[in-house]
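*Asks:* Sequence and predicted model, in that order:
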Amino acid sequence: MSDTEEPVVVATEEVEVQEMSVLDALKEVLKKALMHDGLRKGLHECAKALDKQSARLCCLSKSCDNEEYKALIRALCNEGQVHLIMVDDGKELGAWCGMASLDEEGEVKKAVRCSCAVITDFGEETHALTVLLDYLKKQAAEEA
């Protein structure tokens with residue numbers, strides 16, 4: 001920079017951080033993990049990630065009909081001490097994991113049901129991740 005140039009001053013604004021629900025935080029964290037190739041979907045991929053103990057978080061659909069499937073995922077999560085979050089609907093979980101077709105407005109037109117998803121890499125540190133991890137710490141403290 002020469003002596004005649006003025007330094008550029010950038011004004012910073014304070015951004016209000018809105019309260020985020022746990023499901024909204026989970027949705028955002030799943031999308032970030034998908035973008036950073038840290039999301040595994042389906043029984044085979046999830047079981048491998050949980051067995052290798054590379055999983056950081058597991059989501060399981062309450063609407064899954066197969067009790068053996070649920071028991072296996074729960075057992076693998078307990079063995080690896082991985083947090084388990086239950087999601088109400090498998091189609092909703094599938095849409096959050098990117099397994100849906102969207103219309104022109106970006107709304108979900110058709111979603112594929114997903115019974116299980118595992119995050120192996122959160123990607124980047126976001127407010128949603130902080131909200132989700134705080135929720136999981138509170139849940140673990142309540143269970144202990």
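*Replies:* The structure has been received and is ready for your questions.
*Asks:* where does the protein dip in pLDDT?
*Replies:* 1-18, 144 (pLDDT under 70).
*Asks:* Next, the contact list for residue 65, please.
*Replies:* Neighbour list for residue 65: empty [criterion: Cβ atoms under 8 Å, 6 or more residues apart in numbering]. For every residue, glycine as well, the C-beta is placed using N, CA and C.
*Asks:* And it, its phi and psi?
*Replies:* phi -80, psi -30 (degrees, to the nearest 10).
*Asks:* Against residue 89, how distant is it?
*Replies:* 13 Å (Cβ to Cβ, to the nearest Å).
*Asks:* And residue 129, by the same measure?
*Replies:* In terms of Cβ to Cβ, residue 129 sits 23 Å off from residue 89.
*Asks:* got it, and residue 111?
*Replies:* 9 Å.
*Asks:* higher neighbour count, those two?
*Replies:* residue 111 (20 against 14; other Cβ atoms under 10 Å).
*Asks:* That one: what's it in contact with?
*Replies:* Counting by Cβ under 8 Å, 6+ apart, residue 111 has contacts 91-92, 94-95, 99-101.
*Asks:* Next: residue 98.
*Replies:* Counted by Cβ under 8 Å, 6+ apart, residue 98 has contacts 31, 34, 39.
*Asks:* mind running it again at 10 Å?
*Replies:* Counting by Cβ atoms under 10 Å, 6 or more residues apart in numbering, residue 98 touches 30-31, 34-35, 39, 41, 111-112, 114.
*Asks:* How about residue 28?
*Replies:* By Cβ under 10 Å, 6+ apart, the neighbours of residue 28 are 20, 96, 126-129, 131-132.
*Asks:* which of these count as buried?
*Replies:* Neighbour-count burial within those applies to 20, 96, 128-129, 131-132; the criterion is 16 or more other Cβ atoms under 10 Å.
*Asks:* Lovely, talk soon.
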